[in-house]
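J.: 3D model of this:
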Amino acid sequence: MATKLNVVKRSLIIAFAERYSISALQFISIMVLARILTPEEIGIYTVALAVISFAQVFRDFGVSQYLVQEKVLNKKKVAAALGVTTAIALPLGILAYASAPVIANYYDEPLIRSVIEVSAINFFLLPIGALAPDLLKRGMSFGTRSKINLGSAVTHVTMSISLALMGFGVMSMAWATVGSSVVTAALGQLYLPKKYRVLPSLRGSRAVFSFGTYTLGSNISEQMGTSVADMLIGRVLGFSSLGLFSRARGFNKMYASIFRKATNPVIHANFARENRGENGIGPSYVQTMDYVTLVGWSLAAFMGCMAERMIYVLFGEQWLGAAPIASVLCVGLLISIVNGINQTALVAMGEVRLIFNVSLLFNVLRLVIVLMTVNSGLLAVAAGMSAAFGIRFLIDSAVVYRIVNIEIKRVLKIYAKNLMSVAIICALPLYYLLNPMTDEISILPAIKELVFAGTSSLIAFVCVVVVSNHPAKSELVSLIETFCRGKSGRPAD
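T.: Predicted coordinates for the structure are as follows:
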């Protein structure tokens, strides 16, 4: 058991180091591009990205989840997974390229065509390095996996900023995705485990298709919920409004860059490993929920309260209109943190059909809400989306508790305890939320308020963990002791 915990801890440390490095690079890119590109250009790219993202849902076909959760994996199954990926990705690239003129004509915007046509190149690069990150994730080899992700991120940031400064405008982001795909393909081939170096084959692909069909259905409904909403906002409210909404949603995605993308791969791999064992994922699920809700809710609540200051500092004054939208969307983010753990647990147990059913219901509801609220403005759309996440929380939780056989009272107790902790941790950020910036505020006061709120929240977090004797206390104490030893020059025991 101790060995398993050490593997998980080491994987989390590596994953966080990777994500923070990538997040730092992305923040630099976002800050630069937000000052070069206009809300209208961001809106144009968002519409084009909605089309490409919808096609990208098909290209994966659940292969990533299949490789991680499969109890017994061999060369034949890996070859089948690669065969399915190749058979789907190549036709999708052709279809995406062919659809570009139609989408551009619908929106009467030629740039949309150019973005889609360039982005279609990614589909042809996908099969070359597609499986390596997932196979490394299955083996908990997050150190090697991070090299691929970091290489891709550095390429994307470097190309997007360089091309934007050279005057490529919205096309800078499209070409940057191609560059990062080239690097991912090259590094994927370099670091692919030798035992899994195979040629694509459709022999034995029935199992992949069986698993992937429901996963694909879930992914399609999720992407439709996002992409169709973007298209509706762009069509009804205009590209500038879509640009603001996209920026607000992108601000919320910073949470994923900082926390979710670091923890989810480890949580998924650990749940899948526990599910392959005798005891199931019940104990790991409860412990994970306790850790993630405390840390994740604290971070999401801080972002929601400080959205105005953060957007002003990161993106500039032209994007301040996105701040109220971001704060409302953060309510949905708080709920979706729990939903994410529930969905990860179901994927790890192979319950893809259940995920599909819930996802379909949720995204139909989300689209109905967007249709009902889009004429009332962006805040109404954001509020409706947050309400939809709340409904999904009730459904997801009921499904998971039944399958994993967890007492509802036990989890509700964790929620109540951690919600109280978050209220204490984010007391000062809440004050700032209730006291918006004045018209005369400059960048320096905004930075000071962010630093002050962040420092106070961090101190409050440490105090809450220690006083409440949260399970994270031992990890926190260990981290502080390691830091102190490093400062004093004494070697670790």
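J.: Spell out the residue ranges of the helices in the stretch 251-400 of the chain.
T.: 261-276, 282-305, 307-315, 323-348, 352-373, 378-404 (DSSP state H, counting those that start in this stretch).
J.: Now the shortest one - C-alpha only, CSV.
T.: Right, helix 307-315. The C-alpha coordinates for helix 307-315 follow below in CSV (Å, rounded to 0.1, in the frame of the first residue of the first chain):
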residue,chain,number,x,y,z
ALA,A,307,-11.8,37.7,-11.8
GLU,A,308,-12.0,41.4,-12.4
ARG,A,309,-8.4,42.0,-11.1
MET,A,310,-7.0,39.0,-12.7
ILE,A,311,-8.5,39.7,-16.1
TYR,A,312,-7.4,43.3,-15.9
VAL,A,313,-3.8,42.3,-15.1
LEU,A,314,-3.6,39.4,-17.5
PHE,A,315,-5.5,40.5,-20.6
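J.: count of neighbours near the closest residue to V292 other than its chain neighbours?
T.: Closest residue to V292 apart from its sequence neighbours, by CB to CB, 6 or more residues apart in numbering: I341 at 6.0 Å. For the C-beta atoms, the positions are set from N, CA and C on the backbone; glycine is no exception. Number of residues near I341 (other CB atoms under 10 Å) recorded here: 25.
J.: Could you do S442 as well?
T.: Neighbour count for S442, taken as other CB under 10 Å: 9.
J.: Just give the closest residue to A81, not the sequence neighbours.
T.: Leaving aside its chain neighbours, A81 sits nearest to V63 (4.9 Å; criterion: CB to CB, 6+ apart).
J.: Tell me which residues touch the one you found, please.
T.: Contacts for V63 were tallied using CB atoms under 8 Å, 6 or more residues apart in numbering; they are 81, 84-85, 130-131, 134, 208, 212.
J.: on that earlier part again, assess the claim that the residue nearest to V292 and Q287 are in contact.
T.: No - with contact defined as CB atoms under 8 Å, I341 does not count as touching Q287 (11.0 Å).
J.: Y431: which of the contacts of V63 is nearest?
T.: Among these, D134 lies closest to Y431 (CB to CB), at 44.2 Å.
J.: ok, now how distant is the closest one from E70?
T.: To E70, D134 is 11 Å away according to CB to CB, to the nearest Å.
J.: what do the two both touch?
T.: Counting by CB under 8 Å, 6+ apart, D134 and E70 have no contacts in common.
J.: returning to that earlier point: could I get the contacts of V63 in CSV, plus columns for secondary structure and neighbour count?
T.: Putting the contacts of V63 into CSV (DSSP: H, G, I helix; E, B strand; the rest coil; neighbours: other CB atoms under 10 Å) gives the following:
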residue, secondary structure, neighbour count
A81, helix, 32
V84, helix, 25
T85, helix, 22
A130, coil, 23
L131, coil, 23
D134, helix, 21
V208, helix, 23
G212, helix, 25
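J.: which among the residues you listed gets closest to F452?
T.: Set against F452, the nearest of the contacts of V63 by CB to CB is D134 (42.1 Å).
J.: where in the stretch 351-493 of the chain is pLDDT low?
T.: Along the stretch 351-493 of the chain, segments meeting pLDDT under 70 span 438-441, 475-493.
J.: That'll do, ta.
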